[in-house]
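Trainee: with the input below, show me the fold.
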Amino acid sequence: MKKTGQSQARLGSLDMLRGIAIAGMVLVNNPGSWQHMFPWLRHAGWTGYSLADLVFPFFLFAVGASQSFSLAGTAHTGRLPLNVFILILRRTLVLFLLGLFLNAFPGLLQWIIYAAPPDFSTLRIMGILQRIALVYCAASLCIVFLSERLLWLAIALLLAGYGALLAGFSGSLSPDNNPALIIDRLLLGAARLYGGGLDPEGLFSSVSALATALLGYKAGLFLRQQPHTSKTSLLLVCAGIILLACGSAASLFQPICKDLWSVPYVLVSAGWAALVFALCHELLEVRGFRRLGMPLQIMGRNALFLFVASGSAARILLTVTITRDGRTLHLWFWLYDRLFASWLGRNDISSFALAACYLAVWWLVLYWLDRRGWYFRA
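Mentor: Reported below is the predicted structural model:
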C-alpha cells in the first residue's frame, strides 16, 4: 500500500463515482442485522438486480475509467515499458494479497484471541479485491496492446464468447448447476470457494467482469478527450441508455445474474454506471458544484484504504465476543443492540442506522487523511 504526500491531478467526477461505489459497499456489507435490511440494500438473489447489486460493477467501471488516465502514456502503443510493467504487476499482487489477507483475517483473529488454529486448507482464494486485481491486470494489458478499435472488438468478443458459453451449457443455469461453479471447482477446489458453492467473485466469471472494466475505460477515455460541457454529459447519458436497452434485450435470452456476471448484467450495470458517471461529470466538471461532491470524493480518493480498514475493523467486531446479562454476543451485535435496537427496535431502520454511522466514522478518518494529503494506493 502506497502513501503519497499529495494528490495527483484527478478527474473529480471519477473520484465521486468511486466514492459512491465504495460507500455503497460499506453500507451493504455492514448492516446491524442481516435479518433486517431495506430491500434495496439486499442482493436480489439468483436473477434480477437491486441497488446492492450495482455497487461492485460501479467500482470495476471506475477502475477501468481511471486507467484512461493512469495508462495515458502507453495506451494503444503496443509497447509495455519496464516501469509500467512493474507498476501493473505490483498493483495486481498487492490487491490480490490484500484480498487473501481479508479472507484469512477472521481465522487469524480466532488464533490470536482464542488460541484456535485456523484451517487454511479451506481458505477462500477469490474475493472482491482479488477480482479487481485480475481484472485490472488483464484490462491494463488489453489497453496497452490493443488499438481503440480492437478494444471495442475485444469487448464484443468477451461478451459474445462468455454469453455463448452460458447459453451452450447443457443444463438449466442454477446456483448448483452452471459452468462457473464447475470450472471454479475444477481450478480452485470446492473447499476454497465461497461457502463451498458458487463463488460470486469467482475466477471464471471474472472473464465477463473484464468487459465491465473495459467499458469503464471507454467512458473515462471519452471524458478525458472531450471538453467538459453539458453536451459531453448528454452523450454519456445516451451511451448509458443504449447499454441499458441492450442489457434489457439480452435479458430476454439470458438472465440478469450477478453471481454469474452474465452478459445482460454487464450491460445493465455498465449502463447505470455510465448514467451516474454522467451526472457526476455534469455536477462537478460542468457546473462546478465542488462542495456537493466533496464528501464522496474524499471516499473515492482513499477507496482502497476504506475498503480494507473498514473490512478489517468489522471482522474484529464480528470475532470478539462480550457477555452481558447472561448473553454472549459478538461485539458488533452488542453495539447494535445497545446503541440502535434498544430505542429504535430491531428493524430495517436501526440496522441501516448502524451501517450509516459506521460509514460516517470512517468518513471522519478519511477526512483527516485527506486534509493531510495522505492517500493509500496499491
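Trainee: what about the stretch 101-250 of the chain, any weak spots by pLDDT?
Mentor: Scanning the stretch 101-250 of the chain for pLDDT under 70 picks out no residues.
Trainee: in stretch 318-327, what's buried?
Mentor: Buried residues in stretch 318-327, counting neighbours by 16 or more other CB atoms under 10 Å, are found at T319. For glycine as for every other residue, the C-beta is placed from the backbone atoms N, C-alpha and C.
Trainee: need the residues that contact stretch 359-370.
Mentor: 23, 26-27, 30, 295, 298-299, 301-302, 305-306, 309-310, 375-376 (CB atoms under 8 Å, 6 or more residues apart in numbering).
Trainee: closest to L214 out of these?
Mentor: R301 (23.4 Å; CB to CB).
Trainee: ok, E282 to I128 distance?
Mentor: 29 Å (CB to CB, to the nearest Å).
Trainee: swap in L236?
Mentor: 26 Å.
Trainee: ok, now P31?
Mentor: P31 is 17 Å from I128, by CB to CB.
Trainee: so the two - more neighbours on which side?
Mentor: It is P31, of P31 and I128, that has more neighbours when counted by other CB atoms under 10 Å, with 23 against 19.
Trainee: is it true that that one touches I349?
Mentor: No - counting by CB atoms under 8 Å, P31 stays clear of I349, with 11.3 Å between them.
Trainee: quick check: longest helix of the chain.
Mentor: helix 82-114 (DSSP state H).
Trainee: tell me which residues of the next helix or strand after it come out buried.
Mentor: Later in the chain than helix 82-114, the nearest helix or strand by DSSP states H and E is helix 128-145. Residues of helix 128-145 classed as buried: 128-140, 142-145 (neighbour count, 16+ other CB under 10 Å).
Trainee: just give the nearest non-adjacent residue to L329, would you?
Mentor: I322 (6.1 Å; CB to CB, 6 or more residues apart in numbering).
Trainee: how close does that neighbour get to L97?
Mentor: In terms of CB to CB, I322 sits 32 Å off from L97.
Trainee: same check, this time on L51
Mentor: Note on L51: its distance to L97, by CB to CB, is 30 Å.
Trainee: okay, those two: which has more neighbours?
Mentor: L51 (17 against 14).
Trainee: hmm, the more buried one is touching G24, no?
Mentor: Yes - the pair L51 / G24 is scored as a contact, 7.3 Å apart, by CB under 8 Å.
Trainee: per-residue pLDDT, S262?
Mentor: On the pLDDT scale, S262 is placed at 97.
Trainee: ditto for R10
Mentor: 69.
Trainee: likewise T4?
Mentor: Predicted confidence (pLDDT) for T4: 45.
Trainee: what's the spacing between M299 and S310?
Mentor: 10 Å.
Trainee: which stretches in the stretch 251-378 of the chain count as strands?
Mentor: 321-324, 327-330, 375-377 (DSSP state E, counting those that start in this stretch).
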